[in-house]
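Chemist: The following comprises the amino acid sequence and a computationally predicted model.
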Amino acid sequence: MSTNTGTDQQAGLKAAAAATFVVFGINGLVFASWAARIPAVTQTLHITSGQMGTLLLCTAVGSLLALPTAGLVVGRLGTANTVRYAGLLAAAAGVGIAMSLLTTSIPGTAVSLFFFGIGIGLWDVAQNIEGADVEHKLRRTVMPQFHAAFSGGAFVGALVGAGLSTLGVDLPLHLLVIAAVVVLVALTVPRYFLPHVSTAPVDGEPKRAKGPSAWRDSRTLLIGVVVLGATLTEGAGNDWIAKASVDGLATSESTGALMFALFVLAMTAMRFLGGRVIDKYGRVAVLRASMAAAAAGLGLFVLASNIWLAGIGAALWGVGAALAFPMGMSAASDDPKHSAARVSVVSTLGYISFLAGPPLLGYLGDLTGIHTALLAIMAPILVALLLAGAAKPLRVEPGPAPEEEPVGLG
């Protein structure tokens, strides 16, 4: 009987891992298939790039409002229901965007993008918490592979967006199909997630003493600073490596695009292979090596005198940027009782950096040139390198732990 129970548990765990992988991949596909067709939005709505930037800010605001409360939502609903409801919200917002584009309604697009940001933000935190739960049960590092699924999904989403654009498929139709895919995934895949243990108080159960908020936990905040530096490194590469190649090395736009592809390919490959490296050498050692590789790759890319050396730098930069964010998620969730709140905090800090960092680099690039401005990322990379010890695996004592206060910015 016990053998059958153990076999069933292993099968359930494998199913949960596969479901988490799919959810990460679809999240990346949704994000990139939308991002790849942003130029079509500007044409449809007859707006400038600056006005499009304001619309995109609606998505960022929605996500930044959702992220700090995501831990509380997951603690009450569970990861499966959070992904389910967040996916349905994102799909509904996608339909809203499609309808707004059909009627050329800028306010309708803005509101829809706001709710799209909320759905994606909740989805992102929930999938990372589920990934951490699966990782704990498997007793080996798999979080980088889940993030590789996101990168792979984003790559496919970008290809789909580019292909449909080339074929002349209208963006509203594209968005409606993507929304249908999200609804299908949201209603089916999360059912294979691990069982949820609610943090809500049970009737008649003595109320546990509340511990400090995750926003006042020093280890969580230090991990958040490390992730902040890592996401800035990744975001800057995503947004500026192609432009910096054209400006700094006088290459063609196609060569700049290939440089970006090299960066993404190196990052995705490292995420697929990184779990074994982390298990062999330890989280802190790999985190330090990652930040050192990112710094070396960035420096070589900026200072290289030819495209071949710059290409080596871009690949090394991608390798260095690959594992820090997944390792930060794993570190924040070392204590399963508090993982929801702490992952929410670390995700929020990382998301702020990912959204705000690249535009700030753009402003600096207006003064120095974007190629040279990239050297400013060295500072947060070095800070992350110095603080990497904060991600050391946490020894969790058995028994009940104080309940963290609901996550909030206060």
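Modeler: That came in fine, so what should we check first? Residues are numbered from 1 along each chain as shown.

Chemist: how many neighbours does A179 have?
Modeler: Residues within reach of A179, counting by other Cβ atoms under 10 Å, total 22. The way it works is simple: take the backbone N, C-alpha and C, and place the C-beta from them, glycine included.

Chemist: Name the next helix or strand following the helix or strand encompassing G275 along the chain.
Modeler: Using DSSP states H and E, G275 sits in helix 253-281. Sequence-wise, the next helix or strand downstream of helix 253-281 (DSSP H and E) is helix 283-303.

Chemist: That next one: what's the following helix or strand?
Modeler: Using DSSP H and E, the helix or strand that follows helix 283-303 towards the C-terminus is helix 307-322.

Chemist: buried set for that following helix?
Modeler: 307, 310-311, 313-322 (16 or more other Cβ atoms under 10 Å).

Chemist: picking up where we left off before, next, the angle from the helix holding G275 to helix 283-303.
Modeler: Angle, helix 253-281 to helix 283-303, by axes from the mean of the first three to the mean of the last three Cα atoms, to 10 degrees: 160 degrees.

Chemist: by contact count, what packs against helix 253-281?
Modeler: In terms of contacts (3 or more Cβ pairs under 8 Å, 6 or more residues apart in numbering; DSSP states H and E), helix 253-281 is packed against helix 143-167, helix 218-249, helix 283-303, helix 307-322, helix 324-332.

Chemist: go again using 6 Å as the cut-off
Modeler: The elements that helix 253-281 packs onto, with contact taken as 3 or more Cβ pairs under 6 Å, 6 or more residues apart in numbering; DSSP states H and E, are helix 143-167, helix 218-249, helix 307-322.

Chemist: any idea how far V41 is from S165?
Modeler: Per Cβ to Cβ, to the nearest Å, S165 is found 11 Å from V41.

Chemist: could you say which helix or strand contains the nearest residue to G157 once chain neighbours are set aside?
Modeler: Distance criterion Cβ to Cβ, 6 or more residues apart in numbering; nearest residue to G157, sequence neighbours excluded, is A32 at 3.3 Å. Per DSSP H and E: A32 is located in helix 2-35.

Chemist: right, and the helix or strand after that helix?
Modeler: Counting by DSSP H and E, what follows helix 2-35 is helix 38-45.

Chemist: I'd like the helices and strands packed on helix 253-281 laid out as CSV, including mean pLDDT.
Modeler: Output for the helices and strands packed on helix 253-281, formatted as CSV (pLDDT from 0 to 100):
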stretch, mean pLDDT
helix 143-167, 82
helix 218-249, 84
helix 307-322, 92
